[in-house]
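S.K.: The sequence and its predicted three-dimensional model are supplied below.
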Amino acid sequence: MTDVDGPGGKRVGWVELYFDLVFVFAVGQVAHGIVADPHWARAAAALGLFATLWWTWIGFAVLYNRRGDDSRVADRLFVLAGTIPCGIAATQAHHVFEGHPAIFAGAMAGVRLILAAAHRWPRGGGDQRRISWGYAVSAVLFGVSAVLPHYGALWAFALVQEAGFLLLGDRRERRRGERPTREAKWRNMLSPPRDPNLALDSAHLAERFGLFMILLLGELVITVGTAALERPADDLGYWLALAGGLVLAGALWWVYFSSAVEIYERMLGFSGGNPAMAYSLYAGGHLMPAFALLLMAAGVNLSLHESPPHAAAWFTTAGLAIYLAGTRAFATGPRRWYAALAQTAALAVTVNLAFLDRLLPAPAVVLVIAVWAAATAAVTALIRRRSLTRLGEDPVAFLRQVADRRRTEGETGA
């Protein structure tokens, strides 16, 4: 893959793939933190830590999408420089769980200084300068948090303001005091940004996120393989664990790549690379599904221990439910009430599969969950394929149906 513009749009650069390898090591430490202390409080802390790393990765993904080019040495150097503080942060993730975030926060501040410089030099326009100043503010916030006891609030504020200036800063003009309607919000989201420099390349973003999801799935595969190596060959649990883990990983791959990834790319393309649409589909929309992969990896890892905790099955099933809910197609057209009820019921059944650990050994529970995930993937792929067909036949009508459904749901809720 080379970073050139072709018929399918911009492609992911080689230096981006190298950066992702370093970054996946960092987020992998988050999953290991859950395994070290398998409680929901630790899982919640892991989500906060993952969100911090996630928005760091988003910064580089959006930077290279808008301005990056593998043929320019400076662009490659900025990305390679970012791997150093990210690598340091990876080694310090466990200290954050223990209440010692200083080095991790310092590394996050260093990453944001690099992003600020990348947006500022040498050809940054007005919007690029605004983004550069935003990252400089984030760097200060992370730096200050290294010496303050309540660092979480500063991190949260830094991440929220990064989302604002990076992808949600293209505001449409409206009269003072006027509150935008739901229809106006959808119309703005489906319209190209006023500044062409803020538009995002849909092909590049779809490929970048797809590759990152593959790497996160790799964390689950590595977990299964490592655990299987530690079991004797005549142990039935060995084969159940190996089969269940690989079936689960394959089903998760199918849910995302069978059609959803194509729907996301087309939706962003139809919007002209609208940053708000990119946030809804990718930056914000992929946060929970990506974390769900780490939560499932931790759950499967714990399920394969000699004495697995009760939380192991719950991490796996809750992660699967979050993944199924988060990776659904963004627009599925009009839905009947019974379809929404069926979806809610399916997610409830998914979570409650964890109760099987009272009847079956942990490896067998993993296998049952994997079979359920495979069945769900088959149904989901069929539904999404029909949505993809409707989207291809008449994109404008499809998007209008989505807007109408959202408006109707809002009126019903009101």
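M.R.: Nice, thanks for sending it over.
S.K.: Mind listing residues that contact stretch 46-59?
M.R.: With C-beta atoms under 8 Å, 6 or more residues apart in numbering as the test, stretch 46-59 has contacts from 20, 23, 26-27, 30-31, 33-34, 86, 89, 93, 96-97, 108, 111-112, 115, 135, 152, 155-156, 159, 162-163, 166, 212, 283, 287, 290-291, 294-295. (C-beta placed from N, C-alpha, C; glycine too.)
S.K.: so what secondary structure elements neighbour the longest helix along the chain?
M.R.: Longest helix of the chain, by residue count under DSSP state H: helix 362-393. With contacts defined as 3 or more C-beta pairs under 8 Å, 6 or more residues apart in numbering; DSSP states H and E, the packing partners of helix 362-393 are helix 236-255, helix 261-270, helix 287-303, helix 311-326, helix 337-352, helix 395-413.
S.K.: Recalculate using a threshold of 7 Å.
M.R.: helix 236-255, helix 261-270, helix 287-303, helix 311-326 (3 or more C-beta pairs under 7 Å, 6 or more residues apart in numbering; DSSP states H and E).
S.K.: thinking again about what came up before, what about the contacts of stretch 46-59, which are in strands?
M.R.: Among the contacts of stretch 46-59, the subset assigned to strands under DSSP state E is empty.
S.K.: Out of these, list just those in helices.
M.R.: Per DSSP H, the subset of the contacts of stretch 46-59 in helices is 20, 23, 26-27, 30-31, 33-34, 86, 89, 93, 96-97, 108, 111-112, 115, 135, 152, 155-156, 159, 162-163, 166, 212, 287, 290-291, 294-295.
S.K.: Quick check on those: which are buried?
M.R.: Buried by 16 or more other C-beta atoms under 10 Å: 20, 23, 26-27, 30-31, 33-34, 86, 89, 93, 96-97, 108, 111-112, 115, 135, 155, 159, 162, 166, 212, 287, 290-291, 294-295, out of those.
S.K.: pLDDT at the closest residue to F97 other than its chain neighbours, what is it?
M.R.: Spatial nearest neighbour of F97, chain neighbours left out: G33 (4.9 Å); criterion: C-beta to C-beta, 6 or more residues apart in numbering. Note on G33: pLDDT of 93.
S.K.: Show the contacting residues for G33.
M.R.: G33 makes contact with R42, A46, A93, H94, F97 under the criterion C-beta atoms under 7 Å, 6 or more residues apart in numbering.
S.K.: from what I can see the last one touches A41, true?
M.R.: No: between F97 and A41 no contact is recorded; they are 10.3 Å apart, counting by C-beta atoms under 7 Å.
S.K.: which other residues reach stretch 79-90?
M.R.: Outside stretch 79-90, the residues that reach it (C-beta under 7 Å, 6+ apart) are 15-16, 19, 22-23, 25-26, 29, 56, 60, 64, 103-104, 107-108, 110-111, 114.
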